[in-house]
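J.: Following is a predicted model, sequence given first.
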Amino acid sequence: MFALGQAAQATSRERIEAFLETTGFDVALESIALASASAPQMVGIDPEGFGSQWTRLSEEVFDTEKMHETAVAILEQTLSDEALTHAVEFYASDLGQRLVEAENASHMIEDNDAKQAEGLRIVADLVREGAMRVEILKRMNRAIDSSETALRAVQEIQVRFLLAASAAGVIDLQLDADGLRALMKANEAQMRQSMQQSALANAAYTYQTFSDADLEAYARALEHPLMQQVYELLNAVQYEIMANRFEALAARMAELRPARDI
């Protein structure tokens, strides 16, 4: 019985690992580490003042192997075989693999400001031309995050990070959790608009080499009920890992000391 249990678990893990690689979600997980660059801005700290300490700390906290293990453990318990098979079949196709290649490359671009600027330029050109492509990109983004998971997740990540930073003595926070959430609720419309604009620019940049027909096919695939299940789960896993790592980062930022020139 024990041997059979081990074999079943190993098979399940192998399928999850194959799923992560085929869909490109393994690279999306690795790119979470790049998000650590935004952490100091939330607490008004310049990371350059800490020299190599900041690089070392962020690499330790955003350990890609640990984040990968966490994702696999969650998906083993939550991702259905039916949904997994459906997603793998699409992303293993010719179009699917070309999409994954483009998404992986986009995920790992470290200069997000430059990517956003180029994406906004592409969107502006499309709007000026009256191209239907803008609506296709918006349709894709709605399918990927149909329940505004991203907005709620970003709010929660910020709350948990700021509370952890306050508890660690990194910042003097005047608001409690309820106060922070109320403040974010008041600014929700502006945050939603900013995130939608950012997502559109990111999509315009990422998929710039694809035809409108390719992107329409992708939008239809993303709107399939089983793919909706997959993305709802993947979004939840990604944002929970981000929140957990940002909390850990905030707690350890108290270790940082200003770097000295020698």
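T.: Perfect, I can see it now. Residues are numbered from 1 along each chain as shown.

J.: Summarise which helices and strands the lengthiest helix in the chain is packed against.
T.: Criterion DSSP state H: the longest helix present in the chain is helix 225-252. When contacts are defined as 3 or more Cβ pairs under 8 Å, 6 or more residues apart in numbering; DSSP states H and E, helix 225-252 packs onto helix 25-30, helix 39-42, helix 52-61, helix 64-78, helix 81-91, helix 133-144, helix 149-167, helix 212-223. C-beta: built from backbone N, CA, C; applies to glycine.

J.: at 6 Å what do you get?
T.: Judged by 3 or more Cβ pairs under 6 Å, 6 or more residues apart in numbering; DSSP states H and E, the packing partners of helix 225-252 are helix 52-61, helix 64-78, helix 81-91, helix 149-167.

J.: closest to Tyr205 out of these?
T.: Proximity to Tyr205, assessed across the helices and strands packed on helix 225-252 by Cβ to Cβ, is greatest for helix 149-167 (17.4 Å).

J.: what's the next secondary structure element after the closest one?
T.: As assigned by DSSP states H and E, the chain's next helix or strand after helix 149-167 is helix 177-186.

J.: sorry, back to before: and the longest helix of the chain, how far out from the chain middle?
T.: Put simply, helix 225-252 sits 7 Å off its chain's centre (Cα atoms, centre = their mean, to the nearest Å).

J.: Please apply the same query to stretch 137-157.
T.: When distances are taken as Cα atoms, centre = their mean, stretch 137-157 is centred 10 Å away from the chain's centroid.

J.: Point out where this structure drops to low pLDDT.
T.: 1-11, 40, 42-51, 146-147, 257-262 (pLDDT under 70).

J.: how near is the residue nearest to Leu175 when sequence neighbours are not counted to Ala105?
T.: Of all residues not flanking Leu175 in the chain, Leu183 sits nearest, at 6.7 Å (Cβ to Cβ, 6 or more residues apart in numbering). As judged by Cβ to Cβ, to the nearest Å, Leu183 and Ala105 stand 36 Å apart.

J.: Give me the neighbour count for Ala182.
T.: Number of residues near Ala182 (other Cβ atoms under 10 Å) recorded here: 11.

J.: Setting the sequence-adjacent residues aside, check what's closest to Ala236.
T.: Of all residues not flanking Ala236 in the chain, Thr149 sits nearest, at 6.9 Å (Cβ to Cβ, 6+ apart).

J.: How about Glu216?
T.: Closest residue in space to Glu216, ignoring its immediate chain neighbours: Ile136 at 5.8 Å, by Cβ to Cβ, 6+ apart.

J.: Just the element for the nearest residue in space to Gly24 that is not next to it in sequence, please.
T.: Among residues not flanking Gly24 along the chain, Val100 sits closest, at 3.9 Å (Cβ to Cβ, 6+ apart). Following DSSP H and E, one finds Val100 within helix 94-107.

J.: Just name whatever secondary elements that helix is in contact with.
T.: Using 3+ Cβ pairs under 6 Å, 6+ apart: helix 94-107 touches helix 25-30.

J.: Any chance you could list what contacts the helix it packs on?
T.: Here helix 25-30 makes contact (Cβ atoms under 6 Å, 6 or more residues apart in numbering) with Leu20, Thr64, Met67, His68, Ala71, Asn104, His107, Leu234.

J.: can you rerun that using 10 Å?
T.: By Cβ atoms under 10 Å, 6 or more residues apart in numbering, the surrounding residues in contact with helix 25-30 are 16-17, 19-21, 62, 64-65, 67-68, 70-72, 75, 87, 91, 100-101, 103-108, 230-231, 234, 237-238, 241-242.
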